[in-house]
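**Student:** For reference, the sequence and a predicted model appear below.
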Amino acid sequence: MAGLTNAEIAAALEEIADILDFQGANPFRVRAYRNAARTVGEMTESVADLVESGERDLSSLPGIGKDLAEKIATLAQTGTLPLLEELRSQVPEGVLQILRIPGLGPKRAAALYRELGVTNLDELRQACLEHRVRTLKGFGEKTEAAILEGLELAAQAAQRMYWAVADQIAQSIRQHMEGCKGIRQMEFAGSYRRGKETVGDLDLLVVADNPASVMDHFGRFSGVEKILARGDTKMSVRLQLGLQVDLRAVPEESFGAALQYFTGSKDHNIVLRGRAKDLGLKVNEYGVFRGEKRIAGRTEEEVYAALGLAWIPPELREAREEFAWAEAGTLPKLVEISDIQGDLHVHSDWTDGTASIEEMALAAKARGLSYIAITDHSKRVSMVGGLDADRLRKQWEEIDRLNRRLKGIRILKGVEVDILEEGGLDLPDDVLAEADWVVASVHYGQNQSREKITRRVLEALENPHVACFAHPTGRLIGKRKPYQIDLEAVIHKAAALGKMLELNAHPQRLDLDDVACASAKKHGVLVVIATDAHSVDGLDAMRYGVLQARRGGLTKADVANARPWSELAKLLRRKK
DNA sequence: GCCGTTTTCGGCCCGACTGTTTTCAGTCG
């Protein structure tokens, strides 16, 4: 029997690290807890099971010694830990939130608490607005303004969650509901179905013999914190994770119309209803009507067909070009995860990845890929031990050895070369020339002016060995704004030089976004959907990138890594 | 708190930026 999940154990260890950090504990002790959290969080076997069976000594894991092994075992078995309880009692609730604001680390958070009595984000905002923060030693006007901006972003992020997180929740709700008798149809709608980067709430539609018993069952889902409302056809709950979920029971003959209506987007539906009106029809969540007579509603296909349109994939429903395409029968056949043949941005334990090159390659093979580019950081990214020319060449020798040994997966000799602050690349051309695949990216000087950062990126693209520009805006959704970069100029340059742009599949990045993808496609720029994986599990992010690409209207032909490597290699040789 | 050891103590990734200072602490990646 399993106790706490690995994720829950990791969260507890992270919380200990946060509190110790806040209290100014030995930073290496803090790091030990964070390392352990990461180790546990990334393990595929259940730690609770390992403890139970006694089959493996936890202290044999990297970064986990005798002490942490015992603490983890206690956590796994009892669900809690005396140390954690004690630490929690020592700090006011909410104060750790302060550490999530960019620019505020343990020292400043402690100062805000000690000097101003700030114990949560609301009080922090108040203190900034009253200009009390700037009076503290080490703080000033600019810091105060930066904190306010950070609070704004945090507030936005708190209201919505990453699609990937919403997806996990949706899957477990679906699984729970599948145990309920009498549900004839069931589908999630809303921005989740459209694959938006973030999701504000979940809408679940069902056709059921007995809606009341379905609602009873829904209310028993383990994640439900509170039932907010319940009527005959609609029930709303709030989950412990803060997400609201609405369940709607709809009549079978209206399921398609309801699904269409609640999937949105709002703008898409406005256009749709306008179109219906032009045809002398009316559309609502119950169906398409001519006068009083329902002429469609059972399926979405039926609804769109009644309006003279092909069925539009949810990802495209943003009131952009989808109606024109649906009318003309030119809707793109959107790229699918099964089209993906390789991953062209992956890290290994030569820099900040957690797995060896071989482990990453085998994991990629297990995921059905036929090639993978190892693109570790260059030396400028010193914090992670970025590679210089010598180490990079050593890595490539290792890759040669692996390629001779491994079957069914080709490992490409790649690098993620840093675009330096003052322009230029972090590795000499003769080294880059030896690589199979070079992605260039920005890590430093992210706050430069639009002109400056754009110029250095355009210059990097001009280097004949650079094939692709990675995470092109640098944004972290809800956390960090994009660079001030002129993306259109980058797309034009890429088109002119035959360079590719990355759609980074990490659920917090997902740049290029849908609009930029569409622009790249329009200009004939190939998009590389890549995971930027730093672990074996990181390779699973590919599907988030594919979803974003679909929202941008990309087809298999628009995605570079939906092609075999031999074809890409030919393209690259031609451009050099 | 972990780890390795010239084995029980000392090092643990470190350079750059920002905003604050007036020589540097804090934060970030």
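**Tutor:** Ah, there it is.
**Student:** At the geometric centre of chain A, which residue do we find?
**Tutor:** A:Pro507 (0.5 Å; C-alpha atoms, centre = their mean).
**Student:** quick one: what helix or strand has it in it?
**Tutor:** A:Pro507 belongs to no helix or strand when assigned by DSSP states H and E.
**Student:** How about the one 5 residues further on?
**Tutor:** Here A:Leu512 is covered by no helix or strand, with elements defined by DSSP H and E.
**Student:** list the contacts for it?
**Tutor:** Contacts for A:Leu512 (C-beta atoms under 8 Å, 6 or more residues apart in numbering) come out as A:Pro472, A:Thr473, A:Leu487, A:Leu501, A:Glu502, A:Leu503, A:Ala520, A:Val527, A:Gln548, A:Gly552. Yep, even glycine has a C-beta here, placed from its N, CA and C like the rest.
**Student:** for the residues you listed, which one is nearest DNA strand B?
**Tutor:** Comparing the contacts of A:Leu512 against DNA strand B with C-beta to the nearest atom of the strand places A:Thr473 closest, at 13.7 Å.
**Student:** rewinding a little: among the contacts of A:Leu512, who's most crowded?
**Tutor:** Highest neighbour count within those: A:Leu503, with 31 neighbours (other C-beta atoms under 10 Å).
**Student:** gap between the residue in chain A positioned nearest to DNA strand B and A:Pro564?
**Tutor:** With C-beta to the nearest atom of the strand, the shortest gap between chain A and DNA strand B falls at A:Gly140, namely 1.7 Å. Relative to A:Pro564, A:Gly140 is positioned 56 Å away (criterion: C-beta to C-beta, to the nearest Å).
**Student:** Which residue ranges of the stretch 251-400 of chain A form helices?
**Tutor:** Assigned by DSSP state H, counting those that start in this stretch, the helices in the stretch 251-400 of chain A fall at A:255-263, A:266-278, A:300-306, A:322-328, A:357-366, A:389-405.
**Student:** Contact residues of the stretch 351-500 of chain A facing DNA strand B?
**Tutor:** Residues of the stretch 351-500 of chain A lying near DNA strand B by C-beta under 7 Å from any atom of the strand: A:Val381, A:Ser382, A:Met383, A:Val384, A:Gly385, A:Glu421, A:His443, A:Tyr444, A:Gly445, A:Asn447, A:Arg480.
**Student:** ok, which pair from the residues you listed is furthest apart?
**Tutor:** Greatest spacing in those, by C-beta to C-beta: A:Gly385 and A:Asn447 (24.6 Å).
**Student:** Contact partners for A:Lys539?
**Tutor:** In this structure residue A:539 is Leu, not Lys. By C-beta under 8 Å, 6+ apart, the residues touching A:Leu539 are A:Asp343, A:Val346, A:Met360, A:Ala363, A:Ala364, A:Arg367, A:Thr531, A:Ala533.
**Student:** and if we set it to 7 Å?
**Tutor:** Neighbour list for A:Leu539: A:Asp343, A:Ala363, A:Ala364, A:Arg367, A:Thr531, A:Ala533 [criterion: C-beta atoms under 7 Å, 6 or more residues apart in numbering].
**Student:** ok, and the most crowded of those residues?
**Tutor:** In the contacts of A:Leu539, the most neighbours by other C-beta under 10 Å go to A:Asp343, 30 neighbours.
**Student:** For the residues of the stretch 351-500 of chain A next to DNA strand B, I'd like a selection string for PyMOL - just the buried members, please.
**Tutor:** Here is the PyMOL command that selects the buried residues among those (16 or more other C-beta atoms under 10 Å):
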select buried, chain A and resi 381+421+443+480
